[in-house]
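J.: here is a sequence with its predicted model. Questions after.
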Amino acid sequence: MKEFIFSRNAVYEVLRAGRRDVFRILIAEGAQARGHQDEILAAASARRIPIERVPRARLDKIHANHQGLAAEVSPFSYSDLLDVFDAAKERHEPPFFLVVDSLQDPQNFGTLLRTAEAVGVHGTIIPLAQSVEVTPAVVNASAGATEHMRIVKYNLAQALDAMKAEDVWVLGLDQHSPELDDAGQKHLRGGLALVVGSEGEGMRALVRSKCDVLFRLPMRGRVESLNASVAGSIALYMAHLARRQP
């Protein structure tokens with residue numbers, strides 16, 4: 001089954017990562033050379049990928065925010081749970097995982113994946129069902145970060161048990177829990193799995209029960225909480241900074 005990836009950054013990262021088969025590139029007639037457009041066309045030519053000039057209206061049918069480009073590609077290929085452990089070993093780093101429980105919004109998921117890739121997360125685990133998957137909308141929202149991230153579909157409770165067996169601490173973001181204290185912050189520096197729940201309900205009860213530490217972000221303003229993607233991104237960056245310390 002084929003699908004269309006749209007927007008310049010997303011198409012560029014698909015080509016750069018080289019994980020998918022790319023069958024053709026569609027470019028709007030008269031499209032100006034902006035962003036990575038020239039690099040996309042050069043890469044396509046080098047790989048002998050057909051380039052088709054098409055009316056902009058044709059791309060509009062794929063997505064309104066196509067930016068004059070789309071690529072017909074093979075579906076996203078999910079990784080195995082062992083792959084994310086191997087990625088940490090290959091980098092000689094303590095494991096660093098993102099676990100996403102029942103998130104539904106593609107924009108939120110894409111934002112989290114973009115941050116996760118930027119801070120060096122070794123892999124992201126999502127549930128087998130009842131959760132957003134890696135769709136073209138998620139690829140676009142992540143600016144193509146999906147193409148460089150190992151993403152696993154797995155039973156989350158079993159995945160967290162497997163992580164604990166490898167001395168990975170499981171920290172869950174929960175707006176009703178205490179702020180992360182000094183004792184909890186030390187766990188950001190070693191093997192870590194950060195769990196982010198859904199937009200409205202948060203983590204499911206079983207996933208919540210698997211967490212070693214539940215915490216919320218320190219807040220000084222009047223807004224009660226941040227949405228899942230913002231809170232998760234901040235927590236990922238907190239862990240990234242902590243892991244850089246000796």
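T.: Arrived safely.
J.: quick one: the helices in the chain?
T.: In order along the chain, the chain carries the following helices (DSSP state H): 8-17, 37-46, 56-60, 81-91, 106-118, 136-141, 156-165, 182-185, 205-209, 228-244.
J.: rank those by pLDDT, which is bottom?
T.: Per-stretch averages of pLDDT across these put helix 182-185 at the bottom, with a mean of 72.
J.: could you check how far the residue nearest to Y78 when sequence neighbours are not counted is from A141?
T.: Take Y78 and drop its neighbours on the chain: the residue closest to it by Cβ to Cβ, 6 or more residues apart in numbering is K153, 5.3 Å away. Where you see a C-beta, it was placed from the backbone N, CA and C, and this is true even at glycine. K153 sits at a distance of 19 Å from A141 (criterion: Cβ to Cβ, to the nearest Å).
J.: between the two, which has more neighbouring residues?
T.: The residue with more neighbours, out of K153 and A141, is A141; 24 against 18, by other Cβ atoms under 10 Å.
J.: what's the burial count for the spatially closest residue to the more buried one that is not a sequence neighbour?
T.: Leaving aside its sequence neighbours, A141 sits nearest to G110 (Cβ to Cβ, 6+ apart; 2.4 Å). As a burial measure, G110 scores 25 neighbours (other Cβ under 10 Å).
J.: chain center to the longest strand seen in the chain: distance?
T.: With DSSP state E applied, the strand covering the greatest number of residues in the chain is identified as strand 22-28. Counting by Cα atoms, centre = their mean, to the nearest Å, strand 22-28 is centred 24 Å from the centre of its parent chain.
J.: counting contacts, what elements does it pack onto?
T.: Under the contact definition 3 or more Cβ pairs under 8 Å, 6 or more residues apart in numbering; DSSP states H and E, strand 22-28 sits against helix 8-17, helix 37-46, strand 51-54, helix 56-60, strand 69-73.
J.: next, find the distance separating the residue nearest to A141 from E52.
T.: Noted for G110: a distance of 27 Å to E52, by Cβ to Cβ.
J.: domains in this structure, by residue range?
T.: Residue ranges for the structural domains of the chain, counted by automatic domain parsing, are given in the record as 3-73, 81-244.
J.: please name the nearest non-neighbouring residue to the residue lying farthest from the centre of the chain.
T.: The C-alpha centroid of the chain is most remote from G30, which lies 32.8 Å away (Cα atoms, centre = their mean). The shortest distance from G30 to any residue that is not its chain neighbour, by Cβ to Cβ, 6+ apart, is 7.8 Å, and that residue is R56.
J.: ok, now E199?
T.: Leaving aside its sequence neighbours, E199 is closest to A228 (5.1 Å, by Cβ to Cβ, 6+ apart).
J.: shouldn't the one you found be in contact with V195?
T.: No - taking contact to mean Cβ atoms under 8 Å, the distance of 11.0 Å between A228 and V195 leaves them out of contact.
J.: ok, now how distant is the most centrally placed residue in the chain from V119?
T.: Of all residues in the chain, the one closest to the mean position by Cα atoms, centre = their mean is L113, 1.9 Å from it. Using Cβ to Cβ, one gets 11 Å for the distance from L113 to V119.
J.: no further questions, thank you.
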